[in-house]
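Trainee: what's the 3D shape of this:
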Amino acid sequence: MALYGALNEILAGMGLTGRLVARTEADSQPPAIAGLPVIGTHMRPNIERVLAVAPDLVLQAAGRGEAEEAAASLARLGLPTAVFAMADFPGLYSAIARLGQLTGEPDAAAKLVAGLTARLDAVAAKTGAAERPTVFFEVRSGSLLAAGQGSMVDAVITAAGGKNAVATDKKIVRLADEELLRLAPQVCLTQRGPMNPEARPMAERPEYAALPCVRNGRNFLVDEAVFSRPGPGSVTAVEALATLLAATPAPEARP
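Mentor: The predicted model follows:
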């Protein structure tokens with residue numbers, strides 16, 4: 001039983017969807033798990049529901065204290081529990097290999113890692129030594145939050161041929177609008193999802209009209225579940241972003 005959606009996706013990629021016995025409220029992918037019992041949320045699993053499905057192993061993602069405490073609570077009840085840190089692609093591959101060991105399916109894990117690696121290599125072959133545009137990733141609008149260099153988003157940007165405009169070595173960074181204007185990113189990504197449900201492209205917000213990413217037509221909405229959630233979907237995010245970065249920018253509008 002996984003308390004984090006990307007771990008379901010990893011097991012699915014290993015051909016082990018049939019071993020899952022429950023899911024969280026927010027995680028219904030792959031479609032084969034949609035009908036499984038729901039045991040609560042990523043950070044607040046319902047103990048009685050978890051015990052009712054009697055999992056042999058509980059999987060959780062590291063990074064948020066409340067989520068790790070939920071895993072620790074289940075471990076104290078005697079449930080075998082494993083927590084995975086995945087902030088870059090080596091971390092993702094390590095998590096897949098560990099899942100291979102825990103499930104007794106190391107070959108399936110190795111096959112999944114090989115497939116993901118080949119896809120990233122294909123992107124790298126296309127981006128080559130091309131100039132890297134600066135990319136800003138907006139985690140949340142309003143009280144502006146950005147992806148820093150300690151995030152999987154940073155790894156996605158780098159693998160896609162870009163350079164994170166935010167140099168801070170943290171997962172998430174709070175910025176003032178004035179600082180974003182100073183950074184002047186060439187490409188802007190705004191995620192849409194639970195952390196930013198009212199997402200709008202920066203081109204629709206007058207306060208960002210002077211940004212290069214707005215003036216050259218390179219500001220985009222992206223799916224939070226694909227770009228921000230470390231997992232096999234992170235490779236899909238790399239492929240999608242590489243396509244966006246390869247497109248010819250529009251001539252910048254003059255004031």
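Trainee: helices or strands next to the helix or strand where Lys126 lies in the packing?
Mentor: Under the criterion of DSSP states H and E, Lys126 resides in helix 106-127. Packed against helix 106-127 by the contact rule (3 or more CB pairs under 8 Å, 6 or more residues apart in numbering; DSSP states H and E) you find helix 5-13, helix 89-103, helix 152-159, helix 233-246. All C-beta spots, glycine's among them, are computed from the backbone N, C-alpha and C.
Trainee: closest to Cys188 out of these?
Mentor: Of all the helices and strands packed on helix 106-127, it is helix 233-246 that lies closest to Cys188, at 10.6 Å by CB to CB.
Trainee: Show me the shaky parts of this protein.
Mentor: The model of the chain has pLDDT under 70 over residues 248-255.
Trainee: Go again with 90.
Mentor: When residues are selected by pLDDT under 90, those of the chain lie in 26-30, 42-43, 62-71, 126-131, 142, 194, 229, 246-255.
Trainee: Now do the phi/psi pair for Leu59.
Mentor: Backbone geometry at Leu59, expressed as degrees, to the nearest 10, gives phi -110, psi 140.
Trainee: That one against Ala6, yeah?
Mentor: No. The criterion here is CB atoms under 8 Å, and Leu59 misses it with Ala6 at 9.9 Å.
Trainee: re the thing from before, which residues does the helix holding Lys126 contact?
Mentor: For helix 106-127, the surrounding residues in contact (CB atoms under 8 Å, 6 or more residues apart in numbering) are 10, 13-16, 89, 92-93, 96-97, 99-101, 103, 159-161, 232, 235, 238-239, 242, 245-246.
Trainee: now those: which count as buried?
Mentor: Neighbour-count burial (16 or more other CB atoms under 10 Å) is assigned, among the contacts of helix 106-127, to 10, 13-14, 16, 89, 92-93, 96, 99-100, 103, 159-161, 232, 235, 238-239, 242, 245.
Trainee: Would you map the strands across the stretch 151-255 of the chain?
Mentor: 163-164, 172-174, 187-192, 219-223 (DSSP state E, counting those that start in this stretch).
Trainee: Sheet-wise, list the partners of the shortest one with their directions.
Mentor: The strands that strand 163-164 pairs with in its sheet are strand 134-140 (parallel) (by DSSP bridges).
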